[in-house]
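**Student:** Sharing a model that was predicted from the sequence below.
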Amino acid sequence: MARLVRSYWAAADGHRRRAARLVVLVGLSALLEGLALATIIPLLSAGDVPYHLGVWTLEGNGLRVLALGAFVTIALLSAGVRYAAETQSLRLMAEVEQGLRQRITGLLLRMKWASFLSLRLGDVNAATLVAANQITIGTQFFFRAAGSALAAGVLVLLSFAIAPKLALFTIALGAFGGATYHFASRIGERHARALSTRADDLGSSINDIFANLKFFQSTGNVARSEEETSRAYRDYAWAWFRSQRYNPLMRLAFEAGAVVFVGGLLAFALVTEGRFTPTAIVFLAMFARLLPRMIMTQEWLHIARIQRPWHDAWLERIDSIDEAPRHRIDGGRSPSLTESLACDHVTFTFPGAEHPALINVSWALQRGDRIAFVGESGSGKTTMLDVVSGLVTPSTGTMLVDGVPLGELDLEPWQSRIGIVLQTTPLFHDSVLENVRWTEPELDRDRAMHCLEVAHALEFVERLPDGGNTIIGEGGGRLSGGERQRIAIARALYRDPWLLLLDEPTSALDVRCEEAVLEALESLPASLTTLVASHRNRTVLMADRVLVLEHGRLVDDTTAGGMVAAESETLVGAGAAPAPAHRRRSAV
């Protein structure tokens, strides 16, 4: 029980006052309800038994009118307090779930990229959506159980005040219920741990299948995918059933005990009094209100206990997150790129990898320079761009920005002045203009339209049904590959960057789309420092220098013209069409 309390007390961090108000309000509601029932005793009394209240003596109809008025007033107050408790319960649930999701999402967003790559997206979905919801359910039921237990305690005390001997039966029933709860919850908690694991596996299976649906449909593997999902659903459903089946068993045992209790209570009243006295009748009425609370306390504690493994797994995931530093604690310097950018003997190894992705790489450029990194797949091109952006931190060596180590600068201000165009552009189900603005807080329509014009995207955007307000679909599905990349370039320019990083921006495009994108890239301001990772001639021709990477090592530093003279097709491999003559001339 102590472990259960610690778990949900931690889960309610930041919302404990609301949780305490919930418990107090539930207890107060029970107190008022019990007092209302106690006022019925004078109404059921056969004779005019006087009641002394200080210097006043109440009897007869006056007593009955007063008792009836007290009953109505207190019962209404009890209902109002109960409504307030339910409201607090709902607010607690909403706030706890929001807080849990914000916390895990914030940590995941700031997680070191190299560590994030080892996560399954199904685990991310389970942590932010499923686990947060399950923990919230457990938290709500725990504090509602605490309030219900307090309410039951209040009613038991009132029962003692009304009929001490009869109240002993209530204590016996409570002890029986506690034993039943302990037995059922221990077994249910064990199965709940298995359910948490099954939920992670299910989320990962579903994500893997639908993220690659085109592949499964194209290769005729839909039936196999259905079999895998059916097996995952079946395993989860069975695990859920096993975690929940002890709840009705516990209820059955408790209700059977309650039947025995009521029978014993009636027999005791008949033997000792020879009849059902008003006190016994009121006690039975109070017990009728007490019994549901005792049952709810047991059930809600049971639910809270079998939900606790979700919280344990969530905490393990929190502890495993290796958060990347965004701001230096001692007040990092504000970045600037007015002179140079340099890579000084950088080596980087991904966690768990056998070989480094980069090995002792060094290079330097001046502001406004354009450098291309080329090499085979896995040579370290993309990793080099990730080091420059601060997405990953070198194992050894450093990046220098205007001569200052990147590790000494505040990272977010540096990254806010970097424009990035990836091989696969992240576009969203929104308008063209909102996609251009997406990395910035506010939309400046004129600025966005200007960026579209510089990116050679304005012409096709104006042909869309609603121009810049046209919804482009999930992932920009209504646009061609070249159009999506030009939107990405406009987005990169919208943030007025110092540095532009292009990671294979044309590798997935055909020749016509590639030409359109390259025209956009070649028209960019000469003052914009640009780094491009590519293995295609056409893209590399825009660069002033070409750095060749091989197995993470820098093996050559040449010019685009020299590279074209050495290789007529592509910088690595073959199969691309020769670069147009006008591009070869512009490169030298």
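**Tutor:** Yep, that arrived. Residues are numbered from 1 along each chain as shown.

**Student:** Every contact and neighbour count from this point should use C-alpha atoms.
**Tutor:** Fine.

**Student:** wait, isn't residue 422 in contact with residue 506?
**Tutor:** No - at 9.0 Å, residue 422 does not count as touching residue 506 under the criterion of C-alpha atoms under 8 Å.

**Student:** When those two are compared, which one has more neighbours?
**Tutor:** Shown here are residue 422 and residue 506; by other C-alpha atoms under 10 Å, residue 506 has more neighbours (27 against 17).

**Student:** So for that one, what's the nearest residue that isn't a sequence neighbour?
**Tutor:** Using C-alpha to C-alpha, 6 or more residues apart in numbering and skipping the chain neighbours, the partner closest in space to residue 506 is residue 514 (5.6 Å).

**Student:** what's downstream of the one helix or strand that neighbour maps to, the next helix or strand?
**Tutor:** Per DSSP states H and E: residue 514 is located in helix 511-522. In the C-terminal direction, the helix or strand that comes right after helix 511-522 (DSSP H and E) is strand 529-533.

**Student:** just to revisit the earlier point, look up how far residue 432 lies from the residue nearest to residue 506.
**Tutor:** Distance from residue 514 to residue 432, counting by C-alpha to C-alpha, to the nearest Å: 20 Å.

**Student:** average pLDDT for stretch 523-537?
**Tutor:** Average pLDDT, stretch 523-537: 80.

**Student:** swap that for stretch 421-432, please
**Tutor:** Stretch 421-432 shows a mean pLDDT of 84.

**Student:** Regarding it, how distant is the last residue from the first?
**Tutor:** Across stretch 421-432, first to last residue, C-alpha to C-alpha, it's 16 Å.

**Student:** What are the boundaries of the helices in the stretch 401-550 of the chain?
**Tutor:** 411-415, 432-437, 445-454, 458-462, 481-494, 511-522, 537-540 (DSSP state H, counting those that start in this stretch).

**Student:** now stretch 125-134: mean pLDDT?
**Tutor:** Per-residue scores along stretch 125-134 average to 81.

**Student:** Give me the packing partners of the helix with the most length in the chain, helices and strands only.
**Tutor:** Criterion DSSP state H: the longest helix present in the chain is helix 60-109. In terms of contacts (3 or more C-alpha pairs under 8 Å, 6 or more residues apart in numbering; DSSP states H and E), helix 60-109 is packed against helix 16-38, helix 41-44, helix 132-162.

**Student:** Restrict the helix or strand just after that helix to CA atoms and write it as CSV.
**Tutor:** Where DSSP H and E defines the elements, the next helix or strand beyond helix 60-109 is helix 113-116. Output of helix 113-116 as CSV, limited to C-alpha atoms (Å, rounded to 0.1, in the frame of the first residue of the first chain):
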residue,chain,number,x,y,z
TRP,A,113,19.1,12.5,-31.3
ALA,A,114,21.6,9.6,-31.2
SER,A,115,19.6,8.1,-28.3
PHE,A,116,16.2,8.8,-29.9
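
**Student:** Listing request: residues of the stretch 451-588 of the chain with sub-threshold pLDDT.
**Tutor:** Scanning the stretch 451-588 of the chain for pLDDT under 70 picks out the ranges 508-510, 513, 536-537, 560-588.

**Student:** could you measure the closest residue in space to residue 349 that isn't next to it in sequence against residue 107, distance?
**Tutor:** Nearest residue to residue 349, sequence neighbours excluded (C-alpha to C-alpha, 6+ apart): residue 356, at 4.2 Å. Residue 356 sits 26 Å away from residue 107, going by C-alpha to C-alpha.

**Student:** same question, residue 144
**Tutor:** Distance from residue 144 to residue 107, by C-alpha to C-alpha: 30 Å.

**Student:** ok, the most centrally placed residue in the chain - contacts?
**Tutor:** Residue closest to the mean C-alpha point of the chain, counted by C-alpha atoms, centre = their mean, is residue 128 at 2.2 Å. With contact set as C-alpha atoms under 8 Å, 6 or more residues apart in numbering, residue 128 has these partners: 100, 101, 104, 105.

**Student:** Relative to residue 307, how far out is the residue lying closest to the second one once chain neighbours are set aside?
**Tutor:** The shortest distance from residue 101 to any residue that is not its chain neighbour, by C-alpha to C-alpha, 6+ apart, is 5.3 Å, and that residue is residue 128. Spatial separation of residue 128 from residue 307 under the definition C-alpha to C-alpha is 16 Å.

**Student:** Tell me if I'm right that residue 438 and residue 490 touch.
**Tutor:** No - counting by C-alpha under 8 Å, residue 438 stays clear of residue 490, with 10.8 Å between them.

**Student:** quick one: which of these two has more around it?
**Tutor:** Under the criterion of other C-alpha under 10 Å, the comparison of residue 438 against residue 490 puts residue 490 first, with 30 against 18.

**Student:** tell me which element residue 346 falls in.
**Tutor:** Per DSSP H and E: strand 340-348 holds residue 346.

**Student:** domain parsing for the protein?
**Tutor:** Annotated domains of the chain cover 14-320, 428-496 [automatic domain parsing].

**Student:** could I get those as JSON lines with distance to residue 553?
**Tutor:** Shown next, in JSON lines, are the domains of the chain (distance: least, C-alpha to C-alpha, whole Å):
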{"stretch": "domain 14-320", "distance to residue 553": "19"}
{"stretch": "domain 428-496", "distance to residue 553": "29"}
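
**Student:** coming back round to it: let me see the mean pLDDT of the longest helix of the chain.
**Tutor:** So the average pLDDT for helix 60-109 ends up being 84.

**Student:** re earlier: which stretch among the helices of the stretch 401-550 of the chain comes nearest residue 151?
**Tutor:** helix 411-415 (51.4 Å; C-alpha to C-alpha).

**Student:** List the buried residues for the closest one?
**Tutor:** By neighbour count with 16 or more other C-alpha atoms under 10 Å, helix 411-415 contains the buried residues 411, 414, 415.

**Student:** what does stretch 127-144 give?
**Tutor:** 127-144.

**Student:** Stretch 86-97 now?
**Tutor:** 86, 88, 89, 91, 92, 93, 95, 96, 97.

**Student:** who's in contact with the last one?
**Tutor:** If I follow you right, that is residue 97. Contacts for residue 97 (C-alpha under 8 Å, 6+ apart) come out as 132, 133, 135, 136.

**Student:** ok, now residue 91?
**Tutor:** Taking C-alpha under 8 Å, 6+ apart as the test, residue 91 contacts no residue whatsoever.

**Student:** ok, now how distant is it from residue 98?
**Tutor:** Distance, residue 91 to residue 98, using C-alpha to C-alpha: 11 Å.

**Student:** quick revisit: okay if I get the buried residues of helix 411-415 as TSV plus distance to residue 370 and pLDDT?
**Tutor:** Below are these laid out as TSV (distance: C-alpha to C-alpha, whole Å; pLDDT from 0 to 100):
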residue	distance to residue 370	pLDDT
411	23	83
414	19	89
415	19	87
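
**Student:** rewinding a little: what's the closest of the contacts of residue 128 to residue 75?
**Tutor:** Closest approach to residue 75 among the contacts of residue 128 (C-alpha to C-alpha): residue 100, at 37.4 Å.

**Student:** neighbours around the closest one, how many?
**Tutor:** Residues near residue 100, counting by other C-alpha under 10 Å: 23.

**Student:** Likewise for residue 310?
**Tutor:** There are 26 residues near residue 310, going by other C-alpha under 10 Å.

**Student:** and what of the one 5 residues further on?
**Tutor:** Residue 315 sits with 15 neighbouring residues when counted by other C-alpha under 10 Å.

**Student:** Tell me if it really is in a helix.
**Tutor:** Yes - the assignment for residue 315 is a helix, going by DSSP: H, G, I helix; E, B strand; the rest coil.
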